[in-house]
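coords please:
(one chain, ligands or ions: 3)
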Amino acid sequence: MLSKKESRLETLEEYIIQNQNRFPGATGELSQLLRDIGLAAKIISREVNKAGITNILGFDGSTNIHGEAVKKLDLFADQQLISALDRSLITCMVISEENDGIVRMSSKNGKYIVYLDPLDGSSNIDVNVSIGSIFSVYMREPRYDSALRESDALQPGVRQVAAGYVLYGSSTILAYTTGLGVSLFTLDPSIGEFILSDRMIKMPDYGNIYSINEGSYNSWDLGLKQYIKYCQEEDQESGRPYSARYIGSMVADIHRTLIKGGIFIYPHSNRYPNGKLRLMYECNPLSFIIEQAGGMATDGEKRIMELEPTKIHQQTPIYIGSKKNVEDVMKFLKEYKSVPQE
Ligand SMILES: O=P(O)(O)OC[C@H]1O[C@](O)(COP(=O)(O)O)[C@@H](O)[C@@H]1O
Ligand SMILES: [Mg+2]
Ligand SMILES: [Mg+2]
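Ligands and ions are numbered 1, 2, ... in the order given. Alright, predicted model coming up:
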């Protein structure tokens, strides 16, 4: 929450410009890109807020590359974000959950590559539970020819120049980082502006909340089973048992973790041998946010943002949240790694 001293309303626009001025050589293009995403987020938020009375709920009838039935709002959000990014001619390529291949933009010389999860938490759209949008921005490597290739987009998370999410919940919140900390902006629909609500947020080092879909329990690693058992044991001193919270929209579960601390886990399982969540447009951007707020994100062994991507839609297990909680689960995974499964 902002201090009393900071009660003068600061818009996303003003904040972006202020940050840009910290870099004498800045061209203003990244600022423009963030503005583009802000505009699309306002349009999506308006549509989400009245979804029950417009014809936007339900399925579109198509299936995406993950074999998921696509929702109409998935496509609406995809179109809004892609057209907003295309307008300013600084993005050359978009990779989105709802498009199998790379989406080439009008400007093939644009210097940015943007990954999108246009609508996150699709299973919650029709039941009015918080959903989100996620974005991740890379620079395009300068090359002798301007041909756009999928391999241009296969860069590890540590190369992100910006990342963030929009949460469409009881209020609409935009969170982003360019590597200089994380700030949150709340949409004031009456003036149509995102207003700074948390500057340079730091998350708790530890939290007594764990978040995981226990439905796949039977195919979890023994170390994970032991960690969840540890979370559920009675021990007042260490704040256990923890509370279980699972919204089923990664953006919403991560936003809660950012504010309250704790851990969010989507492990590998029989149903998802490589995990369910996508490295490039879910795990990398949210890991960048969490790390910038002082947290941690791994695949159970390695730092998510150091994973070398081989496919634009690849999946990964993820353990993300407060540093102490993630270190704890890593210890359990390591300790039980060689113990035969029950
Ligand atoms: O229903 P499950 O298996 O718990 O999966 C929920 C997870 O899947 C997702 O909905 C996948 O994202 P999309 O909705 O963008 O496909 C995440 O937001 C969420 O964390
Ligand atoms: Mg998603
Ligand atoms: Mg999605």
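
Was I right to think Glu10 contacts Phe194?
No. Using Cβ atoms under 8 Å as the test, Glu10 is too far from Phe194 to be in contact (9.9 Å). (Each C-beta comes from the backbone N, C-alpha and C, glycine too.)

the more surrounded of the two?
Neighbour comparison, Glu10 and Phe194: the larger count goes to Phe194, with 26 against 19 (by other Cβ atoms under 10 Å).

so that one sits in a strand?
Yes. Assessed by DSSP: H, G, I helix; E, B strand; the rest coil, Phe194 belongs to a strand.

What separation do you get for it and ligand 1?
22 Å (Cβ to the nearest ligand atom, to the nearest Å).

That residue contacts Ala40, correct?
No. If you go by Cβ under 8 Å, Phe194 and Ala40 don't touch, sitting 12.0 Å apart.

and Ala163, which of the three is it?
Looking at Ala163 with three-state DSSP, the answer is strand.

Give me the pLDDT for it.
The score at Ala163 is 98. That number is its pLDDT.

Quickly list what it is bridged to.
Ser136, Thr177 (DSSP bridges).

Tell me how many other residues crowd it.
27.

likewise Phe23?
Quick note: Phe23 (other Cβ under 10 Å) scores 12 neighbours.

That one - that's part of a strand, no?
No. Counting by three-state DSSP, Phe23 falls outside a strand, being coil.

got the phi/psi numbers for it?
Main-chain dihedrals, Phe23, degrees, to the nearest 10: phi -120, psi 100.

Provide a list of residues in contact with Val326.
263, 295-298, 319-320 (Cβ atoms under 8 Å, 6 or more residues apart in numbering).

how about 10 Å then?
206, 263-265, 290, 295-298, 300, 319-320 (Cβ atoms under 10 Å, 6 or more residues apart in numbering).

These in helices, which ones?
Per DSSP state H, helices hold the following members of the contacts of Val326: Ile290.

what residue ranges in this structure are flagged as low confidence?
1-8, 143-146, 342 (pLDDT under 70).

can whichever helix in it runs longest be found next to ligand 3?
The longest helix of the chain (DSSP H) is helix 29-49. No. Figure legend: helix 29-49 not in contact with ligand 3 (Cβ under 5 Å from the ion); closest approach 12.1 Å.

Tell me the residues on the stretch 1-150 of the chain that lie near ligand 2, please.
Residues of the stretch 1-150 of the chain lying close to ligand 2 by Cβ under 5 Å from the ion are 117, 120.

Point me to the residue of the stretch 1-150 of the chain nearest ligand 2.
At 3.5 Å from ligand 2, Asp120 is the closest residue in the stretch 1-150 of the chain, using Cβ to the ion.

same deal with the stretch 201-342 of the chain?
For the stretch 201-342 of the chain, Cβ to the ion, closest residue to ligand 2: Glu282, 5.0 Å.

Just give the nearest non-adjacent residue to the residue positioned nearest the centre of the chain, would you?
Nearest residue to the geometric centre of the chain (Cα atoms, centre = their mean): Leu286, 3.7 Å. Among residues not flanking Leu286 along the chain, Ile254 sits closest, at 5.0 Å (Cβ to Cβ, 6 or more residues apart in numbering).

Fine, thanks again, bye for now.
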